[in-house]
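Undergrad: Quick one: sequence and predicted model below, then my questions.
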Amino acid sequence: GQQVMQIPQYQHVQEGEDFTTYCNSSTTLSNIQWYKQRPGGHPVFLIQLVKSGEVKKQKRLTFQFGEAKKNSSLHITATQTTDVGTYFCAGITWGYGNKLVFGAGTILRVKS
Amino acid sequence: NAGVMQNPRHLVRRRGQEARLRCSPMKGHSHVYWYRQLPEEGLKFMVYLQKENIIDESGMPKERFSAEFPKEGPSILRIQQVVRGDSAAYFCASSTGRQETQYFGPGTRLLVL
């Protein structure tokens, strides 16, 4: 079945350093979504990417969808303590029940 | 517009008891999803429902777990004869369609003693 893998599982960074999490799918995705979950909170939708090679920015966050639509990345520039949390990618593949499949998430910790 | 609502937020049960978790989707959303999350782990898909229908229950344990989304009222995730391993956060999400953005509720933290 469809699998969505995320790396790294954990990342500890010093405040001000950059952070990147990568998402890879075993199948070509029709779109990919990113969510953030703060400690003790619930996942919150950040963004959706649909087009091959698409790049979107939200302030210090840059989201990228690979040319083959099988991978994606989230890059945070100059991390802040407010960036702490777990970042999930979630992808949809046509023909696999067309449901959103979540990656395991990357836990980001920021040391001030 | 109220978001996805879940209750209770915290639930404590003793082994062998039943747990009932409720989820009211966002207004206008007819698709509901249930996920389970263990501490420091990812979201595990359990079941996907539309009004009165179970669309995909591939993530549901075969025994003791059931879900429904009646024509009227909230979606219910029911766990019978709970065991300690059922302790987790259970999140409900809703959407307008199966490929659309999912909006998550605050979750129910279940603790089985």
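TA: Thanks, I have it. Residues are numbered from 1 along each chain as shown, chains lettered A, B, ... in the order given.
Undergrad: need the strands for chain B, in chain order.
TA: Shown for chain B, the strands assigned by DSSP state E span residues B:5-7, B:10-13, B:19-24, B:31-37, B:43-50, B:53-56, B:65-68, B:75-79, B:88-95, B:103-104, B:108-112.
Undergrad: Throw those into JSON lines and include mean pLDDT, distance to chain A and mean neighbour count, thanks.
TA: For the C-beta atoms, the positions are set from N, CA and C on the backbone; glycine is no exception. Output for the strands of chain B, formatted as JSON lines (pLDDT from 0 to 100; distance: least, C-beta to the nearest C-beta, whole Å; neighbours: other C-beta atoms under 10 Å in any protein chain shown):
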{"stretch": "strand B:5-7", "mean pLDDT": "97", "distance to chain A": "9", "mean neighbour count": "17"}
{"stretch": "strand B:10-13", "mean pLDDT": "98", "distance to chain A": "12", "mean neighbour count": "15"}
{"stretch": "strand B:19-24", "mean pLDDT": "98", "distance to chain A": "12", "mean neighbour count": "20"}
{"stretch": "strand B:31-37", "mean pLDDT": "95", "distance to chain A": "8", "mean neighbour count": "24"}
{"stretch": "strand B:43-50", "mean pLDDT": "91", "distance to chain A": "5", "mean neighbour count": "21"}
{"stretch": "strand B:53-56", "mean pLDDT": "91", "distance to chain A": "6", "mean neighbour count": "14"}
{"stretch": "strand B:65-68", "mean pLDDT": "97", "distance to chain A": "15", "mean neighbour count": "18"}
{"stretch": "strand B:75-79", "mean pLDDT": "98", "distance to chain A": "15", "mean neighbour count": "20"}
{"stretch": "strand B:88-95", "mean pLDDT": "96", "distance to chain A": "6", "mean neighbour count": "24"}
{"stretch": "strand B:103-104", "mean pLDDT": "94", "distance to chain A": "4", "mean neighbour count": "20"}
{"stretch": "strand B:108-112", "mean pLDDT": "97", "distance to chain A": "9", "mean neighbour count": "18"}
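Undergrad: out of the ones you listed, nearest to A:Q58?
TA: With C-beta to C-beta, the closest approach to A:Q58 among the strands of chain B belongs to strand B:103-104: 17.8 Å.
Undergrad: Name the residues that touch that closest one?
TA: Residues from elsewhere that reach strand B:103-104, judged by C-beta atoms under 8 Å, 6 or more residues apart in numbering or on different chains: A:35, A:42-45, B:3-4, B:26, B:29, B:91-95.
Undergrad: go with 7 Å
TA: With contacts defined as C-beta atoms under 7 Å, 6 or more residues apart in numbering or on different chains, strand B:103-104 is touched by A:42-43, A:45, B:3-4, B:26, B:91, B:93-95.
Undergrad: Adding distance to A:Y22, write the strands of chain B out as TSV.
TA: TSV is the format used below for the strands of chain B (distance: least, C-beta to C-beta, whole Å):
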stretch	distance to A:Y22
strand B:5-7	31
strand B:10-13	35
strand B:19-24	32
strand B:31-37	21
strand B:43-50	18
strand B:53-56	27
strand B:65-68	33
strand B:75-79	32
strand B:88-95	24
strand B:103-104	23
strand B:108-112	30
